[in-house]
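Participant: Got a sequence here, can you model it:
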Amino acid sequence: METNGLAGRKEWIGLAVIALPCILYSMDLTVLNLAVPALSADLKPSSTELLWIMDIYGFLVAGLLITMGTLGDRVGRRKLLLIGAAAFGVASILAAFANSAGTLIAARALLGIAGATLAPSTLSLIRNMFHDNRQRTIAIGIWIASYSAGGAIGPLVGGFMLEFFWWGSVFLIGVPVMILLLILGPMLLPEFRDPNAGRLDLISAFLSLAAVLTIIFGLKKIAESGIDGLSLLSIAIGILLSIVFIRRQKTLAHPMIDLHLFHSKTFSAALSIYGLGGFFLFGSFFFTSQYLQLVLGLSAMQAGLWLLPTFFGFIVGSLLVPVFVKNTKPAFVMGVGLAVGAVGFSILSMVGIDSGLNFLIIGGVIYSFGLAPVFTLTTDLIIGAAPPEKAGMASAISETSAEFGAAMGIAILGSISTAIYRTSISNNIPSGVPAEVADTAKDTLGGAVAEAAKLSGELSVPLMDAAKEAFVNGLHFTAILTAVAMALLAVLAFSQLKQAPVAVREVEPAG
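Facilitator: Numbering: from 1, shown residues only. Presented below is the predicted three-dimensional model:
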């Protein structure tokens with residue numbers, strides 16, 4: 001119950017319920033990273049299929065967030081959240097029992113469709129439940145921390161599951177979480193919808209999804225086989241569809257995206273920092289679990305335990321945001337946070353084949369602690385720009401930026417690292433290694449480790465060392481690239497957000 005515009009006990013309990021799908025969402029990403037070596041050995045995906053297994057979930061989430069966010073404004077945020085939760089549970093079961101790379105990609109696609117309902121529904125509910133600026137900042141900090149908590153729990157629980165069960169078991173972790181949400185959601189979450197919302201424009205929904213997927217397809221083709229006519233055509237079609245989508249929004253009485261929001265320098269800068277932050281952060285996550293397991297030789301359980309400090313850094317950093325901004329402008333907090341993130345990624349570039357664990361953990365804790373306030377405050381600025389009845393739209397724009405950035409980070413940084421890996425290992429394949437083994441080793445680190453284990457000691461050790469060295473070379477390049485990008489984003493935050501308040505505007509409680 002609210003008193004004088006302040007959220008009461010019911011809203012804070014509701015926030016705990018909202019945290020459930022956020023925790024699951026993050027768990028699903030981190031446990032899959034841990035499962036990569038096991039599923040690679042079982043399903044034997046190609047490097048391209050492996051990237052699709054990792055990316056298709058985030059790509060479809062990014063492509064459908066706008067549709068799902070505006071749909072929530074129309075049919076109700078709680079209703080859409082519960083429908084998505086049920087669908088997510090079913091898709092998780094399908095992924096758990098996939099028996100081929102193609103089947104797993106399809107199941108991950110279904111998870112992406114269901115997952116697209118979760119983030120905008122939960123964030124828009126927060127926008128409507130917490131009208132006081134300071135309370136909303138705290139609530140969003142908890143919302144961000146719940147993602148980090150899922151990231152911390154995911155490796156631990158996932159590592160345990162992988163230690164005793166098959167790789168598909170990691171997908172089953174989320175099923176009881178979604179069942180709990182379906183039970184508690186109707187009792188504790190209020191329903192919100194825009195009473196004046198028009199009908200969902202299906203043409204705009206198609207255009208937004210098609211634009212994202214065609215651009216991604218073109219980038220994938222470039223990563224797989226270099227620049228060719230098909231990849232350039234696909235990207236060109238995606239850009240054209242994006243332009244058509246934007247122009248269509250200008251003609252609609254009830255557009256899927258309110259383009260006037262982008263006229264705000266604060267909104268646009270916050271959105272850019274949020275998306276680019278996700279690009280570099282999640283791109284680095286893809287390498288971390290592989291480094292722990294395939295380079296250092298840790299078990300899935302051990303890797304999960306060593307990833308915990310990084311996620312705890314996010315949790316602590318997110319929860320301390322209200323303290324940081326109490327007497328300090330958000331631009332300064334974000335700028336310093338991004339600079340701290342640059343230091344953390346610089347440390348990450350120091351990891352080696354045999355002695356990189358300390359650098360990995362220290363760097364991870366530093367960059368996670370620094371970036372957590374950045375994600376919390378940019379989200380607060382973005383969501384605060386919209387009136388409560390348009391919260392689904394603003395949430396969708398925010399999460400589209402983050403999810404698209406994260407997925408593209410994995411794809412692009414993964415492709416760059418793969419290119420460096422292939423170039424490096426091609427120049428260092430030991431003589432005497434069979435051609436078919438060399439071809440497999442050149443494809444992925446996981447393939448190299450698996451093939452090296454089958455060779456005699458005279459060839460096994462040199463091949464494995466060459467593969468690990470090649471992988472670390474790619475990791476070093478992406479870590480340095482990310483550190484430079486964090487420093488540039490710090491300058492952007494200082495210059496473009498120096499006049500930004502903690503929330504863009506004060507609003508009266510809806511209805």
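
Participant: who's in contact with the residue positioned nearest the centre of the chain?
Facilitator: Averaging the C-alpha coordinates of the chain gives a centre point, and the residue nearest to it by Cα atoms, centre = their mean is A406 (4.5 Å). When the contact criterion is Cβ atoms under 8 Å, 6 or more residues apart in numbering, the partners of A406 are 58, 278-279, 281-283. To be clear about C-beta, it is placed using only N, CA and C from the backbone, and glycine gets the same treatment.

Participant: Can you tell me which of the residues you listed end up in helices?
Facilitator: 58, 278-279, 281-283 (DSSP state H).

Participant: How about the residue nearest to the centre of the chain: what's its closest non-neighbour residue?
Facilitator: Spatially, and ignoring its direct neighbours in sequence, A406 is nearest to F282 (3.7 Å; Cβ to Cβ, 6 or more residues apart in numbering).

Participant: so that neighbour touches I412, yeah?
Facilitator: No - taking Cβ atoms under 8 Å as the definition, F282 is not a contact partner of I412, at 11.0 Å.

Participant: More neighbours: which of the two?
Facilitator: F282 (22 against 16; other Cβ atoms under 10 Å).

Participant: Columns distance to G317 on top of the ones in helices among the contacts of A406, output as TSV?
Facilitator: As requested, the ones in helices among the contacts of A406 are exported to TSV (distance: Cβ to Cβ, whole Å):
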residue	distance to G317
G58	23
G278	15
F279	19
L281	12
F282	16
G283	19
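
Participant: In JSON lines: these, plus pLDDT and distance to I315.
Facilitator: Rendered in JSON lines, the data for the ones in helices among the contacts of A406 read as follows (pLDDT from 0 to 100; distance: Cβ to Cβ, whole Å):
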{"residue": "G58", "pLDDT": "72", "distance to I315": "22"}
{"residue": "G278", "pLDDT": "83", "distance to I315": "17"}
{"residue": "F279", "pLDDT": "84", "distance to I315": "22"}
{"residue": "L281", "pLDDT": "82", "distance to I315": "15"}
{"residue": "F282", "pLDDT": "75", "distance to I315": "17"}
{"residue": "G283", "pLDDT": "74", "distance to I315": "21"}
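
Participant: Among the residues you listed, list the two that are farthest apart in space.
Facilitator: The two members of those with the most space between them (Cβ to Cβ) are G58 and L281, at 12.7 Å.

Participant: In terms of neighbours, single out the busier of these two.
Facilitator: Just comparing G58 and L281: by other Cβ under 10 Å the higher neighbour count belongs to G58, 26 against 23.

Participant: so E399 makes contact with T122?
Facilitator: No - under the criterion of Cβ under 8 Å, E399 lies out of contact with T122, with a separation of 9.6 Å.

Participant: so where's the longest helix in the protein?
Facilitator: For the chain, the helix with the greatest residue count under DSSP H is helix 457-496.

Participant: F217 - how many residues pack around it?
Facilitator: By the other Cβ under 10 Å criterion, the neighbourhood of F217 contains 17 residues.

Participant: got a list of what it touches?
Facilitator: Applying Cβ under 8 Å, 6+ apart, one finds that F217 lies in contact with 231, 234, 238.

Participant: Export only the CA atoms of the helix or strand containing it, formatted as CSV.
Facilitator: Secondary structure here is read from DSSP states H and E; on that basis F217 sits in helix 202-225. Output of helix 202-225 as CSV, limited to C-alpha atoms (Å, rounded to 0.1, in the frame of the first residue of the first chain):
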residue,chain,number,x,y,z
LEU,A,202,1.5,-6.4,-36.2
ILE,A,203,3.4,-4.9,-39.2
SER,A,204,5.6,-2.9,-36.8
ALA,A,205,6.2,-6.1,-34.7
PHE,A,206,7.2,-8.0,-37.8
LEU,A,207,9.5,-5.2,-39.0
SER,A,208,11.3,-4.9,-35.7
LEU,A,209,12.0,-8.6,-35.5
ALA,A,210,12.9,-9.0,-39.1
ALA,A,211,15.3,-6.0,-39.0
VAL,A,212,17.2,-7.5,-36.0
LEU,A,213,17.4,-11.0,-37.4
THR,A,214,18.5,-10.1,-40.9
ILE,A,215,21.3,-7.9,-39.6
ILE,A,216,22.4,-10.6,-37.3
PHE,A,217,22.4,-13.2,-40.1
GLY,A,218,24.6,-11.0,-42.2
LEU,A,219,27.1,-10.6,-39.3
LYS,A,220,27.1,-14.3,-38.7
LYS,A,221,27.9,-15.0,-42.4
ILE,A,222,30.8,-12.6,-42.2
ALA,A,223,32.1,-14.3,-39.0
GLU,A,224,31.7,-17.7,-40.6
SER,A,225,33.1,-17.2,-44.1
